[in-house]
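>>> predicted model and sequence below, questions to follow.
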Amino acid sequence: MGAEAFRALCERVRERTRRGPEDRRGTLGHLTPARVVAATREVMTGRTVSLGAPVDTRPGPDNPEPARHVMTAPEPGRRPSTGLDFARDRFAMNVHGDADSHLDALCHVLFDGTLYNGVPADSVTPEGATELTVDVVRDGVVGRGVLLDIPRLRGVPWLEPGDQVTAADLAAAEAAQGVRTGPGDVLLVRVGHRLRRRELGPWKAAEARAGLHPDAVEFLVDRRVAMLGGDGNNDAAPSAVEGVGFPVHVLTVHAMGMHLMDYLRFEELAPVCEQEGRWSFLCAVAPLRLPGATGSPVNPVAVL
């Protein structure tokens, strides 16, 4: 996609999803209380499945700054005492890396000097963001989740790095799985990134990864999706757009006001959906309350 075509797509997406100038929730506006109530009817067996990957504390080609987990008590070599004591630990993470499951807040993507809905870029300060932070979703996101499995559609275990998922692919996956994405849904798109990483080992995902083609975003607009999650970055690499490294992030987070979840894990969910013959479920997303943050570690849960 050329630069001019991308700009035209960006403006078209923005116009089709435009809300009032004071809006700070973006596409979460599609997820009404009535749709939350309706989503609870997706629960049939009560089975719960984690959609987050285990936090990776090992360095690797896709994780040069791994999360750090250290025990702060008891002290090494200290003999257990009688009575009460506590084990304690500390945790630190590079939230927007290429290994760990995380949620992107609407202040994460700066494009042409602004954030979503024209919020000035200087609202992101060295002390933290002052608008569109992860606090927008402090009450969590609970709604109907839909998993579209693109490797299943193509008859392969995973998509190879650099492959791209189009709007036509998403529609074909719906037809193959007998499901339809609707207003207020949390759409999850599997490309098989996690399975490939497990089977072949990590690689430089910043340079090569499967993801959505920019034209897939119009599918999200048409269906009035509330939130998007993928088992990769959602953006493919190399980018489909010259001069724009993360076009899907620009179109969703910046133009639409859509929270993204990157590097989720669907290897437990997909077999359960296959066994039960249904690809929709109740989905609960509860990011941490981190004042001023541009994102959060996340462990969404599917309830079937």
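In hand now; what should we look at? Note that this is a predicted model, so its numbers are computed, not measured.
>>> against the centre of this structure, work out the most remote residue.
In the chain, counting by Cα atoms, centre = their mean, residue 82 sits farthest out from the average C-alpha position, at 46.2 Å.
>>> how near is that one to residue 59?
For residue 82, the distance to residue 59 under the criterion Cβ to Cβ, to the nearest Å works out to 40 Å. The way it works is simple: take the backbone N, C-alpha and C, and place the C-beta from them, glycine included.
>>> report how many residues lie close to residue 66.
Summarising burial for residue 66: neighbours were counted as other Cβ atoms under 10 Å, giving 18.
>>> that one touches residue 91, doesn't it?
No: assessed by Cβ atoms under 8 Å, residue 66 is found out of contact with residue 91, at 11.6 Å.
>>> which residues sit in contact with residue 25?
Under the criterion of Cβ atoms under 8 Å, 6 or more residues apart in numbering, the contact list for residue 25 reads 136, 257.
>>> which residues are in contact with the helix ranked longest in the chain?
Across the chain, the helix with the greatest residue count (assigned by DSSP state H) is helix 3-16. Counting contacts by Cβ under 8 Å, 6+ apart, the residues outside helix 3-16 that touch it are 1, 214-215, 217-218, 221, 241-244, 247, 250-251, 255-256.
>>> got the buried residues for stretch 199-213?
Under the neighbour-count criterion of 16 or more other Cβ atoms under 10 Å, stretch 199-213 has 202, 203, 205, 209, 210, 211, 212, 213 buried.
>>> can you verify residue 147 is assigned to a helix?
No: Residue 147 is assigned strand when assessed by DSSP: H, G, I helix; E, B strand; the rest coil, not a helix.
>>> please enumerate the helices of the stretch 51-200 of the chain.
Read by DSSP state H, counting those that start in this stretch, the stretch 51-200 of the chain holds these helices, from start to end of the chain: 150-154, 167-177, 193-200.
>>> show me what the last one is packed against.
The elements that helix 193-200 packs onto, with contact taken as 3 or more Cβ pairs under 8 Å, 6 or more residues apart in numbering; DSSP states H and E, do not include any helix or strand.
>>> now do the longest one
Taking 3+ Cβ pairs under 8 Å, 6+ apart as the contact definition, the neighbouring helices and strands of helix 167-177 are strand 141-149, helix 150-154, helix 217-223.
>>> pick the most buried one from the helices of the stretch 51-200 of the chain.
Among the helices of the stretch 51-200 of the chain, ranked by average contacts under mean count of other Cβ atoms under 10 Å, first place goes to helix 150-154 (a mean of 20).
>>> strands of the stretch 51-200 of the chain, residue ranges please.
Remark: strands assigned in the stretch 51-200 of the chain by DSSP state E, counting those that start in this stretch are 68-73, 88-92, 102-104, 124-125, 128-129, 141-149, 164-165, 186-190.
>>> now tabulate those strands in TSV and tack on mean pLDDT and mean neighbour count.
As requested, the strands of the stretch 51-200 of the chain are arranged in TSV below (pLDDT from 0 to 100; neighbours: other Cβ atoms under 10 Å):
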stretch	mean pLDDT	mean neighbour count
strand 68-73	94	11
strand 88-92	95	10
strand 102-104	98	26
strand 124-125	96	14
strand 128-129	96	18
strand 141-149	98	24
strand 164-165	98	24
strand 186-190	98	27
